[in-house]
Each structure stands twice: as structure tokens, then as C-alpha cells.
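J.: pasting the sequence and the predicted coordinates here, then a few questions.
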Amino acid sequence: MAIPQTNWAGNVTFGAARTRRPGTVAQLRRLVAETTKAHALGTGHSFSRIADTVGDLISLDGLPRTVRIDAERQAVTVAAAIRYGDLAARLHQAGYALHNLASLPHITVAGACATGTHGSGDGNGCLSTAVSALEMVTADGELATVSRESDGDQFPGMVVALGALGIVTSMTLDIEPTYTVRQWVYDDLPRSRLDANFAEIFASAYSVSVFTDWRPPYACKVWLKERVGASDRWTPPPRWLDARLAETPRHPVPGMPPGHTTQQQGVPGPWHERLPHFRPEYTPSSGDELQSEYLVPRGLAVQALAALDPIADRIASVLLISEIRTVAADDLWLSPCYQRDSVGFHFTWRQDTEAVTRVLAAIEERLEPFDARPHWGKLFVMKPAPAYPRLSDFGNLIARYDPEGTFRNEFIDDYLPKC
């Protein structure tokens, strides 16, 4: 079968020999057992080469889109290829919710969890923290099921696994009763206010995003997403920390029409129609783009911002928009938030790989003192291994589940050398 030539952004041309789309788990097991090199392919929303292989790309979108809710255990078991937007709508209809969502509802559950993708909120862990069990096909074609209960010591190394242990076919996620969210946007938050009131700003709502273009006068937009009933202590005033409450909808990227974004201006709505920035029925892209993100300890956020100030003009020269979010610490070995509350500096770039790569090198040099960890699914040039104290333990998991390196690829070899 002809392979898809590129990822979603078009910056990665896959080098795979072919793409396989099994219709059943049994077919998938046979495919994996017969191949020497393979890797799972989700929606292709990663900007790095994490999903590439010289063997078979295996898409799971031909498998049944199962969603099984266990009300007693407050859990849902879902097919790996289901997208968050589809899952969220089905959960809400049944009276349930997830703890958080990423800015895009278009990504698959397995792909997002494998790369440590996250939403925002001081108390919200990355999406992978909801995973309580997973089923995967290992290199010998066997079907393995692992969980918090049965694999407690090693399970934290098997969720954010970059596709290196096997091809995940289903995941079980923690759920909770459905809830309602309201969303507001503030314009023109002064940078001085962001620095002076960083903790207050990011603690002001259930999910908070700050957008900046790194151009003078460095004013920011603040997106506040608040759970109705969770905190009625604060109603957004017309002015807050010298920022102005937006009277009309906004898009994160200046100049882009806001019609593709989720409802703002405090109109209450279901959690899955407010927590993402973009609606699932629209393609969220602003055009050709690249993305990067670096996560540093939350307590060092202001110092890290100051470290980037001397190269603000270089960042701005190739930038569409930058987003700042907070994420709670977790115990997942390869999560960028492993054992530390974090702040993420996200960059959406213009489609100019050469220029962006030069800027990434400068950003990484400036953030090196802060032990920055890059998002695995986005662009970076650093060697992230030293920032992960459990890397050798993860290497032992690879040796156990994939001793011949079926799922290893150039990306894994470059950034996770054999231990």
C-alpha cells in the first residue's frame, strides 16, 4: 500500500517502505510478528521524526473504534486510534469527562499519551496521567496487557513510551462526572505583570494559557478556562492586572479569524467544548507551520523567560505565536513533567525549518541552566537524555519488550541510545 508521504505539517517525509492498516488485532499481531521494523502512526500531528521507520508504518485507524465505560471503576477503555474529540463527545453524552484536554481535539489518544502531550492547569497532569492500563502488541506479535495494579513499579515507564515498546491497541483512562466550563480572554497583559504575578495568573482558573508574540511591547493575551461550581470566588472584571477583558472572540494567532476557536466570553458549555482552544469540526492550522515546546521547573518560570529576552527578536522573526502553560508533576519516566511541576514554553513557527533550527539552538542554549525538557513530538535539536533520571530503567523495558529493536527508529537511536 502506498505510504502517506508526509506528516500533518509537511516537514517530515516518511522513509517507510509501506503503510499497513490492519482491520483486526489478530491481523496486527501477524503483521508485527512478520516484520523486522515497524512503528505506529497516529494522525501525524508530531513535528519530529518520532513516528518514522525504515520498515512498516502501521496505522490503527482500521481497527474498531471501541469505547467501553466502566461506571463502577470510573474508567473508560478506548481503541488507541480514537481521537480525543470523538471520545470526549461520547463520554459527555454518557455523563462523564476526562480531567483535561490538549489545545487540539484532533489527536489520537495513544499518540498523545505516548509523547507526554498536555493541556494546562496548575493541578492538571499531562494527558498520560489518566492512563491506568494499556494493551499492546509486542515485537514477537504477542498481546501484552499492563496496568497500574499489576505492573506498579514499571507501569510509569510504559505510558509515555514513544512507541518504543510495542504498538498500543487500547488504553484505559480515568474518568469523572461531566462538568461545565466557562472561558474568557484578556488582551494586553503587560509583560511586567506576567513576571510579577506569574503564580497568581496561572492559579486564577482551572486551565490558563498565556499567548505572546515576543514583539515589543511584549503584551500578552490570557485565556482563562474555569470549571463552573469549582470556584465561584472570582468573576472576571473588565480590567485585571492592567489587562482588558475581550469583548469579542479571539484566535491565538494575531490576525486569524476566531471562528475555529471554542466559545469564549464566559458562555458556559460542556468541558470538551471549552478546554481545547479549537473546535473538532475545523482544521486548526493557521497555514504551514512548525512547533516546538520546552518544559522547565515551574518555580523558575520567570527566570527562564528573562533568559529568553535577549533573543526575543530572533524568536519573533520566525514566530507565529508562543503559548505559556503550567502542568502538574507526574511519575511517568519519560514525561517532560517527571517529578516536577512545570511550565511549558510553546512556539508555533513559520514553515522555515532552517531558520527555526537556528533559533531552537539559541533557545536551548539559553534554557540549558533550567534543565529544559523538550516535547517529544515537536522540534528540538538538544540531547534530552540527561534530563531523564530513569532512562536506564526505560532501556531495560526496551530490552524486555523489544530486544531486537523492531520498534526502534532513527529518532529513538538519536535521543534514547541503547543502555
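T.: Arrived safely, thanks for sending.
J.: relative to residue 373, how far out is the spatially most central residue of the chain?
T.: Taking C-alpha atoms, centre = their mean, the centroid of the chain lies closest to residue 117, which sits 1.9 Å from it. Distance from residue 117 to residue 373, counting by C-beta to C-beta, to the nearest Å: 13 Å. For every residue, glycine as well, the C-beta is placed using N, CA and C.
J.: repeat for residue 141
T.: 33 Å.
J.: between the two, who's got more neighbours?
T.: Comparing residue 141 with residue 373 by other C-beta atoms under 10 Å, the one with more neighbours is residue 373, at 27 against 16.
J.: what about the residue lying closest to that one once chain neighbours are set aside, how many neighbours?
T.: Of all residues not flanking residue 373 in the chain, residue 336 sits nearest, at 4.0 Å (C-beta to C-beta, 6 or more residues apart in numbering). Using other C-beta under 10 Å, residue 336 is surrounded by 28 other residues.
J.: helix, strand or coil for residue 336?
T.: Look at residue 336: counting by DSSP: H, G, I helix; E, B strand; the rest coil, its state is coil.
J.: quick one: contacts for it?
T.: Going by C-beta atoms under 8 Å, 6 or more residues apart in numbering, residue 336 touches 116, 126, 295, 342, 344, 373-376.
J.: cutoff 7 Å now
T.: Residues near residue 336 by C-beta atoms under 7 Å, 6 or more residues apart in numbering: 116, 295, 342, 373, 375.
J.: so the last one makes contact with residue 291?
T.: No. When contacts are counted by C-beta atoms under 7 Å, residue 375 is not listed as touching residue 291 (8.1 Å).
J.: what's the spacing between the residue nearest to residue 373 and residue 19?
T.: 29 Å.
J.: swap in residue 156?
T.: According to C-beta to C-beta, residue 156 stands 31 Å off from residue 19.
J.: so for the two, which sits in the more crowded spot?
T.: The residue with more neighbours, out of residue 156 and residue 19, is residue 156; 23 against 15, by other C-beta under 10 Å.
J.: doesn't the more buried one fall inside a helix?
T.: Yes. Using three-state DSSP, the assignment for residue 156 is a helix.
J.: where does the chain dip in pLDDT?
T.: Applying pLDDT under 70 to the chain flags the ranges 1-4, 230-234, 283-287, 417-419.
J.: thought residue 218 was touching residue 211?
T.: No. Applying C-beta under 7 Å as the test, residue 218 and residue 211 come out as separate, 11.7 Å apart.
J.: okay, those two: which has more neighbours?
T.: residue 211 (22 against 17).
J.: need the three-state assignment for that one.
T.: Here residue 211 is recorded as strand under three-state DSSP.
J.: against residue 413, how distant is it?
T.: According to C-beta to C-beta, residue 211 stands 36 Å off from residue 413.
J.: burial measure for residue 235, as a count.
T.: By other C-beta under 10 Å, the residues close to residue 235 number 9.
J.: measure it to residue 266 for me?
T.: Relative to residue 266, and taking C-beta to C-beta, residue 235 is found at 9 Å.
J.: with residue 373 instead?
T.: Relative to residue 266, and taking C-beta to C-beta, residue 373 is found at 35 Å.
J.: and what of residue 352?
T.: Per C-beta to C-beta, residue 352 is found 38 Å from residue 266.
J.: likewise for residue 164?
T.: In terms of C-beta to C-beta, residue 164 sits 44 Å off from residue 266.
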